[in-house]
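A.B. asks: Structure, please.
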Amino acid sequence: MNTYKYKHYIIYSLPPFTMYGFPIIYTAILLLLSPPNAALQELLRGFTATPDSSLPVSSFQPLLTDSIGNYSLAFLRVDRTHLALAVIHVSSQVPLWIAGKSPLAPWSSQTRLSFNGSLVISHSHTGVFWSTYTDGHRVRLSNTSNLLIESEGESPVVVWQSFDFPYNTLVENQNFTSAMKLVSSNGMYSMKLGSDFIGFYARFATNSGPDSDPGRLYFQHNPMETKAHITKGEGPIHATLSPNGFLGLYQNSSNQVDLQPFSSFQQPGTGNRIIRLEPDGNLIGYYWTGSSWVVDFKQIANPCDLPSSCGAYGLCRPGNSCSCLDNRRSYSSGDQCETSGDDFCRKRYRVLRRSGVELANKEIMAYTMMSSLEKCERACEEKCTCWGAVYSNTSGFCYAIDYPVQTLVEVMDETKMGYFKVREGAGKDKMGVGLWVGLGSLCGVVLLISGVGGVVLYRKESRGVKGYEEEEGINGGVGPYKNLRSASSKSIELSER
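C.D. replies: Purely as a prediction, here's the structure:
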């Protein structure tokens with residue numbers, strides 16, 4: 001058997017004098033006549049593909065498609081210069097699964113996807129970026145967007161599937177087990193199953209531990225079913241997104257212990273549903289209408305309950321309005337009130353106090369009973385890995401914040417007080433830059449006025465005031481300085497392509 005490559009397709013040529021000769025030659029001709037960017041419906045051993053540098057940045061390069069064309073395994077360009085292997089919902093071009101998290105391979109002719117029993121992304125200089133480490137015969141994409149590697153034989157066995165390694169999205173009928181996790185696209189948030197709950201975790205610090213450590217628990221959903229309960233010793237729980245419009249929690253295959261209905265619960269329709277862990281830490285459900293994805297479910301309904309809805313050292317008010325804890329800086333979306341640095345073991349800090357605040361996730365946070373606010377503050381002050389503390393005078397609960405301070409919630413209770421450490425100089429950098437920019441502009445204006453004044457004085461002295469006025473057109477028309485000011489006032493718009 002001889003193997004030939006054409007436009008990333010593998011064509012097998014057999015001796016012509018066999019009963020299979022004509023069908024294979026016919027198939028080969030069809031492949032040769034296929035469009036260059038057409039995708040196959042299975043990949044066999046020996047398949048290779050490289051990214052096409054001529055493609056637009058906003059497009060993707062299809063490699064494999066399901067039988068009805070809803071989903072595609074494709075090269076997806078990330079940040080213009082990097083490549084991700086992704087399963088994409090073709091109509092919306094939304095990625096549902098991505099192979100590996102980081103690092104990503106470069107979008108380069110030296111990067112290659114190959115299949116020789118394992119799917120492998122590699123680079124000729126830096127080596128392997130990602131591999132399935134399998135021994136399969138073919139790769140196939142199911143009509144449910146599940147990427148499958150199957151063994152050889154009349155009854156092929158699935159030796160690997162993408163449903164076992166979700167990224168940030170779950171699709172209909174995809175089981176989510178305790179061995180899996182969803183990770184937001186920015187890498188800050190993750191979702192995992194506990195023994196009897198769905199947990200949401202945040203990794204705020206840059207040195208927050210190994211990848212096996214999910215981070216800080218910021219939200220927890222426990223089963224709400226009254227007639228069913230989780231039985232210890234009866235096996236782990238798993239979650240499944242139902243086509244009927246709900247997220248179900250199960251123990252074993254039949255014991256449903258929780259049901260979270262979506263807005264489209266039990267409504268007739270054939271659209272797809274997905275749930276995705278978004279970059280703000282919320283789990284959002286979407287329904288495909290045939291032309292767009294619409295929001296169908298939100299795990300955290302109140303934006304103030306999100307871990308960092310107003311950024312570091314921000315304050316969230318009812319109605320989702322944001323301000324800064326220190327009340328001195330105006331809040332702007334996408335800009336933090338203060339900088340969250342490392343711990344304070346080797347760095348100077350100042351103290352920020354604010355009353356009428358509490359933690360959004362205090363129900364799942366540990367606390368210590370303290371007899372006074374001063375003792376609560378002192379306990380945090382003496383611990384260099386403590387970023388702050390929130391104390392309640394009525395209950396005596398002292399909540400220590402052992403992670404970078406994020407968004408606090410404003411409450412109408414002045415007995416709830418917060419103590420926060422702020423890195424020395426944080427928030428002053430931008431003020432300093434603005435001050436120097438202002439001083440520089442002022443100096444420039446002074447120099448410009450001085451220069452113009454010098455020229456005017458020189459010309460008045462050399463030719464007389466009248467001759468200067470007639471030549472420069474002071475009493476009528478537009479002089480050169482005015483033209484310069486007009487040109488400098490034009491705005492320049494930048495946009496990403």
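A.B. asks: Please report how far Asn393 lies from Asp326.
C.D. replies: Going from Asn393 to Asp326 by Cβ to Cβ, to the nearest Å gives 22 Å. The way it works is simple: take the backbone N, C-alpha and C, and place the C-beta from them, glycine included.
A.B. asks: burial measure for Pro156, as a count.
C.D. replies: The number of residues packed around Pro156, counting by other Cβ atoms under 10 Å, is 15.
A.B. asks: same question, Asp258
C.D. replies: Asp258 has 23 nearby residues by other Cβ under 10 Å.
A.B. asks: swap in the one 4 residues further on?
C.D. replies: For Phe262, the neighbour count with other Cβ under 10 Å is 22.
A.B. asks: Need the phi and psi values for it.
C.D. replies: phi -90, psi 170 (degrees, to the nearest 10).
A.B. asks: okay but it is in contact with Asn244, surely?
C.D. replies: No - shown here, Phe262 and Asn244 do not form a contact pair, counting by Cβ atoms under 8 Å, at 9.1 Å.
A.B. asks: Hmm, Phe60 is touching Leu73, no?
C.D. replies: No - shown here, Phe60 and Leu73 do not form a contact pair, counting by Cβ under 8 Å, at 9.9 Å.
A.B. asks: Mind listing the shared neighbours of these two?
C.D. replies: Ala86, Ile88 (Cβ atoms under 8 Å, 6 or more residues apart in numbering).
A.B. asks: of the two, who's got more company?
C.D. replies: Neighbour comparison, Phe60 and Leu73: the larger count goes to Leu73, with 27 against 20 (by other Cβ under 10 Å).
A.B. asks: Skip the chain neighbours and tell me the closest residue to that one.
C.D. replies: Nearest residue to Leu73 in three dimensions, chain neighbours excluded: Leu64, at 3.9 Å (Cβ to Cβ, 6 or more residues apart in numbering).
A.B. asks: For that neighbour, name its beta-bridge partners.
C.D. replies: Beta bridges link Leu64 to Leu40, Leu73, judged by DSSP bridges.
A.B. asks: ditto for Val128
C.D. replies: What pairs with Val128, by the bridge criterion (DSSP bridges), is Ser122.
A.B. asks: how about it, what does it touch?
C.D. replies: So Val128 contacts Val120, Ile121, Ser122 (Cβ under 8 Å, 6+ apart).
A.B. asks: out of those residues, who's nearest Phe129?
C.D. replies: Taking Cβ to Cβ as the measure, Phe129 lies nearest Ile121 of these, at 4.6 Å.
A.B. asks: if I look at the closest one, how far off is Phe165?
C.D. replies: 14 Å.
A.B. asks: Looking at those two, which is more packed in?
C.D. replies: Ile121 (20 against 16).
A.B. asks: Quick one: classify Leu259 as helix, strand or coil.
C.D. replies: At Leu259 the chain is in strand, as set by DSSP: H, G, I helix; E, B strand; the rest coil.
A.B. asks: Please read off the pLDDT at the nearest residue to Arg276 once chain neighbours are set aside from the model.
C.D. replies: Excluding the flanking residues, the one nearest Arg276 by Cβ to Cβ, 6+ apart is Thr169, at 4.7 Å. You'll see Thr169 listed with a pLDDT of 98.
A.B. asks: For Thr169, give me phi and psi.
C.D. replies: phi -130, psi 140.
A.B. asks: Run me through the strand neighbours of the helix or strand in which Gln220 is found, direction for each.
C.D. replies: Using DSSP states H and E, Gln220 sits in strand 216-221. Paired with strand 216-221 in the same sheet, following DSSP bridges, are strand 198-202 (antiparallel).
A.B. asks: Run through the stretch 151-300 of the chain and note the low-pLDDT ranges.
C.D. replies: Scanning the stretch 151-300 of the chain for pLDDT under 70 picks out 205-212, 225-228, 233, 269-270.
A.B. asks: okay, now the domains of this protein?
C.D. replies: Under the assignment automatic domain parsing, the domains of the chain span 1-34, 38-151, 169-298, 308-428.
A.B. asks: Need those domains in a markdown table (columns: distance to Val157).
C.D. replies: Formatted as a markdown table, the domains of the chain follow (distance: least, Cβ to Cβ, whole Å):
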| stretch | distance to Val157 |
| --- | --- |
| domain 1-34 | 22 |
| domain 38-151 | 5 |
| domain 169-298 | 18 |
| domain 308-428 | 42 |
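A.B. asks: So which residues of the protein form helices?
C.D. replies: 21-32, 373-381, 428-463, 465-472, 480-488 (DSSP state H).
A.B. asks: can you pull the contacts of the most centrally placed residue in the chain?
C.D. replies: Nearest residue to the geometric centre of the chain (Cα atoms, centre = their mean): Ser185, 2.6 Å. Shown in contact with Ser185 (Cβ under 8 Å, 6+ apart): Asn168, Pro279.
A.B. asks: how close does it sit to Arg45?
C.D. replies: The value you get for Ser185 to Arg45, if Cβ to Cβ is used, is 33 Å.
A.B. asks: buried sites along stretch 284-299?
C.D. replies: Ile284, Gly285, Tyr286, Tyr287, Trp288, Trp293, Asp296, Phe297, Gln299 (16 or more other Cβ atoms under 10 Å).
A.B. asks: can you dump the C-alpha coordinates of that stretch into CSV?
C.D. replies: The C-alpha coordinates for stretch 284-299 follow below in CSV (Å, rounded to 0.1, in the frame of the first residue of the first chain):
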residue,chain,number,x,y,z
ILE,A,284,-24.0,30.5,32.3
GLY,A,285,-26.4,28.3,30.3
TYR,A,286,-27.1,29.1,26.6
TYR,A,287,-29.7,28.0,24.1
TRP,A,288,-29.1,28.0,20.3
THR,A,289,-32.1,29.5,18.5
GLY,A,290,-30.8,28.7,15.1
SER,A,291,-29.2,32.1,14.6
SER,A,292,-27.7,33.0,18.0
TRP,A,293,-27.0,31.8,21.5
VAL,A,294,-29.3,33.3,24.2
VAL,A,295,-28.8,33.2,27.9
ASP,A,296,-30.9,30.5,29.5
PHE,A,297,-29.5,30.1,33.0
LYS,A,298,-27.2,31.8,35.5
GLN,A,299,-25.8,29.9,38.4
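A.B. asks: Now Glu152: closest residue in space that isn't a chain neighbour?
C.D. replies: Nearest residue to Glu152, sequence neighbours excluded (Cβ to Cβ, 6+ apart): His137, at 3.7 Å.
A.B. asks: brain fart, Thr65
C.D. replies: Ranked by Cβ to Cβ, 6+ apart and with sequence neighbours excluded, the top spatial neighbour of Thr65 is Ala39, at 4.2 Å.
A.B. asks: And Leu315, by the same measure?
C.D. replies: Ser323 (4.9 Å).
A.B. asks: which stretches of the stretch 251-400 of the chain form strands?
C.D. replies: 255-261, 273-277, 283-288, 293-298, 314-317, 321-324, 349-355, 357-358, 368-369, 388-392, 397-401 (DSSP state E, counting those that start in this stretch).
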